[in-house]
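1. give me the fold of what follows.
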Amino acid sequence: MATTIFFGALFFAQPALAHSGTGLAGGFLSGFLHPLSGFDHMLAMVAVGLWGAFLGRPLIVALPVIFPTVMAFGAMLGMANVPIPPVEFGIALSVVTLGVLIAGGIRAPVWAAALIVAVFAIFHGYAHGKELPSAADPIGYSVGFVLSTGLLHVVGIGLGMLHKVRGGVVITRAVGGLIGLAGLGFLYAAIMS
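-> Numbers count the residues shown, from 1 in each chain. Modelled structure (predicted):
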């Protein structure tokens, strides 16, 4: 019941709350808390770990490494103001896509899974890179942000490990479906804004 209420609330949440563009307090704690302040980013990070766990080796390790690595590249693009397609649309699409891949039990080849995660990481990194120069302590902020992102991947991996227990596949795929539905809400809001 609590899970249903939680994901129901996520569906109606506004997207990109973490990407206000108003500047950052800076420092490690601010960076650590930042990924937790927007459900769109949080769900995408959990989904990356969950999908990696569902896919197994080597992707259970590779996807959570690829995402923050490419996210750093996306952040550099954001700091350099390199134009890319609408960022909030890309972030919302990442939540929808990852949710659908998990819900559908899609077993993508290693190269395809890595490419999907890398493309979406650019959008997430770009959004945060646009805000990073305003942080009082950009290095501390970045360290906190990456650590928090990694921990969200670990949460997803933990959820994904449920697929190994009896009936767990149903649970992990249902969680993927709920993530995808929340992503549709984010996508709708991104299109309407």
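
2. which regions of the protein sit below the pLDDT cut-off?
-> The model of the chain has pLDDT under 70 over residues 1-25, 133-136.

3. tell me, what residue is most central in it?
-> Nearest residue to the geometric centre of the chain (CA atoms, centre = their mean): residue 44, 2.4 Å.

4. I'd say that one and residue 124 touch.
-> Yes: counting by CB atoms under 8 Å, residue 44 touches residue 124, with 6.5 Å between them. Just so you know, the C-beta spots here come from the backbone N, C-alpha and C atoms, and that holds for glycine as well.

5. between the two, what contacts are shared?
-> Taking CB atoms under 8 Å, 6 or more residues apart in numbering as the criterion, residue 44 and residue 124 both touch 91, 94.

6. so how far is residue 184 from residue 52?
-> In this view, residue 52 and residue 184 are 22 Å apart by CB to CB, to the nearest Å.

7. likewise for residue 67?
-> In terms of CB to CB, residue 67 sits 22 Å off from residue 184.

8. next: residue 38.
-> 16 Å.

9. looking at the two, which is more packed in?
-> residue 38 (23 against 15; other CB atoms under 10 Å).

10. please report how far that one lies from residue 157.
-> According to CB to CB, residue 38 and residue 157 sit 21 Å apart.
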